[in-house]
Every structure is written in structure tokens, then in C-alpha cells.
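> I would like the atomic coordinates for the input below:
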Amino acid sequence: MNLLKKSLFPISLLYDVVMRVRNAAFDKQWLRQSQFDIPTIVIGNLTTGGSGKTPMIAYLLHHFSDRFSLAVLSRGYKRKSSGFLIADATSSIESLGDEPFLLFKKFPKVQFAVCKNRPEGIRGLLEKSPQLDAIFLDDGFQHRQLKPSFQILLTPFEMPWFRDCILPAGNLRESARGRKRADLVVVTKCPESLSKKEREDYIIQLALEPYQKLFFTSIQYDANIYGASQVELKSFVQNPFVLVTGIADAKPLTSHLDQYGAKYKHLEFGDHHSFSASDCQKILSSGLPVLTTEKDYVRLSPQLKELHYLPISVRFLADEDRFKKIISDHAIRQKDV
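Next up, the predicted model:
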């Protein structure tokens, strides 16, 4: 722990106390939680970002939106609208936020809504679409006003909760004790070469409860890039280019590109960055082709026309069918109760 983080540690201890009291108040039902008959499935984390929630939600929608009538409720981080809002043809990245807008464009069969108050948002969705079979809650693990029917907790392989500490000295929104609320845990962004022995050692450190199911996933990069044109990635990286990222963790992407021996200038911005005109000028100043992430593409494409993005998806290292069965069985069982 560096000197700055050490100096912040007393504040982290105070924050931990506050979060313990808050969680205890909900656990002992001193503070009210709303519960719904419909399956409400949270996809969340303990960290401030970079755990892979958006790819996991995309995975779930890809595999289940043809079988079930689904909705996704998000806070809509950094959106310029307020209150409860259902996505429609007039929606924009400004009204929904970047991640909900990206998913809304990719999955037209799915109902999307944003609302900071999750119970209020669920009630709004059910009023609009009472036929819904299930609602996925994007990043709702710390929203204790809702008592969800199922909770999926994501933790990135390189920075799991057992190697981190609470804000502001670390990146945890609450202590690792919060993991016990999860029904299912997914370790994301694992190396493809993760051995059985490494996995077993990792499981010991996670210290999960007997009732919790565990899965390991990695990032799968598309063989092609899209946007201004569709090109094979291995062909595109033969020449120098500019890489633009505004995500919490760009290391997996740069590592993937480095495997190709790619030569690029990396312009790295903060997560959910709102790109300005001067940012775009900086991006274009070299005259080189521009590659970005799919999430950044939805923010940059209105301003930059000659732009490409590299899609990603979730790949399970094992037991993918078991994971899908758990989610499917929960949705069906809850619906029939």
C-alpha cells in the first residue's frame, strides 16, 4: 500500500463502520426493503468499476431474451435526465447513460429503463409491461432498499475483494463481508490459461459460503472490428493506430492487442468519460486510424465518423450450461410461485 493510500486508511475504517451499520439495519429489517413477485436478478460487484457487468448483462440477454420477456433497470450513471425513464426511439446516450444506451441498441426486444430508486423503477416497469418474466438490475448490489430474488456478484480476477480494501484507500464500496449476500459469484477477466491448481487456490481465498455457486470467465475478443467498416483485427493492427479508451480497466484490451505486436498510441480517459471537441481534436491529430471499445464507440461515434470498435463477450472457462440452467430455473420457478 503506497503512502497516499496509507494516509486514507483511517477514512476507510470510518466508512467501513458506516456501511456495517447500514447493512445491519437492512439485515435486521430496521430499514424497509421492497420485494416483488417477479424475478429480480441483480448483477453487481463490491468494487467501484471494471468488473465486467455490461458484458455479463449482454451475455444474459443474448441467451435468455428469446425465451423470456425481459427488462433491464439501471441507475443510468452520468445521464442528464432524472427520475424514472423508459427507453424508446427518442432516447439518447444523454438521457440513458452510456451503458444502458449501448445495451438498448443491441437488444431491441428487451425493455430498458433507468431510475436511481430501484423499487420505484421496478414498479414503473411493471406498470408499463406487466407481462415481464424477469428484471435484471444493473449494478444493484449495494441498493439495499430492494430485496432481490437472486444476486450475481462479479469480481475481477486481477483485483478480487481479498486483495483490495474499502474506499478511499482501496476500491471496495463495502467490505468483503458483503459477498455473503450473493447467491452466485463470477470471477471475471480470468487468463485463458488458468490451471486447475490456480483455480483451486483462488477458491480458497474467495472463502465463499456453502450455498454460493462459483464460475470463472474470461474476455473473448471478436476477430473483427466494426464501425466505419468491418475489418479483421489481425489485418487492422498491421499498421499504427490510435487506441482510445474511457473504461475502468483497459489492461486486458492492451494485453490482447500486444499479442498481435500492434503499434499504437493509447489515449486513456477516465471511466464514463464525456468526450469534448478538444478531446476529439487530440484523437484525430495524428492522422492515424482510430480504434476504441464498444462502450466508448457509442459516445464518440456522433463526433468521429472514421472510427472502429472491438466488441467483447463473456466466455466461461467451465460449467457454462450449469450457469445457464441456474438462471433459467430461477426465472421459471419464481414465475410459477
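
> Secondary structure element for P100, which one?
According to DSSP states H and E, P100 maps onto helix 98-106.

> do the same with S91
Counting by DSSP H and E, S91 is found in no helix or strand.

> tell me the contacts of it?
L85, F101, F104 (C-beta atoms under 8 Å, 6 or more residues apart in numbering). In this view, the C-beta of every residue, glycine as well, is placed from N, C-alpha and C.

> what's the answer for H273, then?
G246, D279, D296, R299.

> try 10 Å
Residues near H273 by C-beta atoms under 10 Å, 6 or more residues apart in numbering: K78, D98, V244, T245, G246, I247, D279, D296, R299, L300.

> same question, L102
So L102 contacts T54, A58, I93, L96, T293, E294, K295, D296, Y297, V298, R299 (C-beta under 10 Å, 6+ apart).

> quick one: secondary structure of the second one?
Under the three-state scheme (DSSP: H, G, I helix; E, B strand; the rest coil), A58 adopts helix.

> Surely it is in contact with K106?
Yes: if you go by C-beta atoms under 10 Å, A58 and K106 touch, sitting 6.6 Å apart.

> Overlap in contacts, those two.
With C-beta under 10 Å, 6+ apart as the test, A58 and K106 both reach E294, P311.

> and the two? which has more neighbours close in?
Set A58 next to K106 and count neighbours by other C-beta atoms under 10 Å: A58 wins out with 22 against 14.

> mind listing what that one touches?
G52, V72, E99, L102, L103, K106, F107, E294, P311, I312, S313, V314.

> Which residue ranges of the stretch 51-200 of the chain form helices?
53-64, 93-96, 98-106, 118-128, 196-206 (DSSP state H, counting those that start in this stretch).

> still on that earlier bit, now which of the contacts of A58 would you call buried?
G52, V72, E99, L102, L103, F107, E294, P311, I312, V314 (16 or more other C-beta atoms under 10 Å).

> Now the helix or strand bottoming out on mean pLDDT in the chain: buried residues?
Least confident helix or strand, the chain: helix 320-336 with a mean of 86, by mean pLDDT, DSSP states H and E. For helix 320-336, the neighbour count (16+ other C-beta under 10 Å) marks F323, I326, I327, H330, A331, Q334 as buried.

> if we can go back for a sec, in CSV, list the helices of the stretch 51-200 of the chain along with mean pLDDT.
Shown next, in CSV, are the helices of the stretch 51-200 of the chain (pLDDT from 0 to 100):
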stretch, mean pLDDT
helix 53-64, 97
helix 93-96, 94
helix 98-106, 95
helix 118-128, 97
helix 196-206, 96
